[in-house]
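Peer 1: Following is a predicted model, sequence given first.
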Amino acid sequence: MIYVFLINSLVVAIAVIIHYEFLYRLTVYIPKMTIGHRYRIVFGVFGSLIAHAFEIWIFAVSYYLMNNAEGWGNLKGDFDGSLMDCAYFSFTAFTTLGTGDIYPSGDLKYLTGIEALTGLVLITWTASFLFYEMQRHWKSL
């Protein structure tokens, strides 16, 4: 059980660090942009979406590796074992959509739960970041 905790913690830490770095770099770069204020926010939205996609793929690779390793559990249902199916599952878990056509068993259940919580926190962080950037840059219109 300690391995499950450590691996899940590592995956979450990588996702949080990626998110922090993306938002930090956007915070530094957006004020320096020579485009209109409104387009800066659009740039921030696309940058945030790219960050989320990276984070989701970190979880997807983790699912893929764990699914193919002994003792971690499996993804079941409408699942063919491909990395793309792992990415699809990760997108549904991260966004808390959870369609149910693919579902985890064994220790992969813990990663799925922590991904949903991580996704909720990171999406909320992004919303707060974009709200702050909108307030900061739209005042000067």
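Peer 2: That came in fine, so what should we check first?

Peer 1: In this protein, what residue spans correspond to strands?
Peer 2: 74-77, 102-105 (DSSP state E).

Peer 1: Could you dump the ones you listed into a markdown table with distance to residue 11 added?
Peer 2: Just so you know, the C-beta spots here come from the backbone N, C-alpha and C atoms, and that holds for glycine as well. Shown next, in a markdown table, are those (distance: least, CB to CB, whole Å):
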| stretch | distance to residue 11 |
| --- | --- |
| strand 74-77 | 15 |
| strand 102-105 | 14 |
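
Peer 1: Just say which of those is most tucked in.
Peer 2: strand 102-105 (a mean of 18; mean count of other CB atoms under 10 Å).

Peer 1: Adjacent strands (with direction) for it?
Peer 2: The pairing partners recorded for strand 102-105 under DSSP bridges are strand 74-77 (antiparallel).

Peer 1: from the chain's centre, how far out does the partner strand sit?
Peer 2: Centroid displacement of strand 74-77 relative to its chain, using CA atoms, centre = their mean, to the nearest Å, is 21 Å.

Peer 1: Contacts for it next, please.
Peer 2: Strand 74-77 is contacted from outside by 63, 67, 81, 85-86, 89, 100-106, 108, using CB atoms under 8 Å, 6 or more residues apart in numbering.

Peer 1: I would like a ChimeraX command selecting only the buried ones among those residues, please.
Peer 2: A single ChimeraX command selects the buried members of these (16 or more other CB atoms under 10 Å):
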select :63,67,85,86,89,102,103,104,108
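
Peer 1: Residue 118: which of the contacts of strand 74-77 is nearest?
Peer 2: residue 63 (13.6 Å; CB to CB).

Peer 1: wait, what's in contact with the closest one?
Peer 2: Neighbour list for residue 63: 75, 86, 89, 90, 108, 111 [criterion: CB under 8 Å, 6+ apart].
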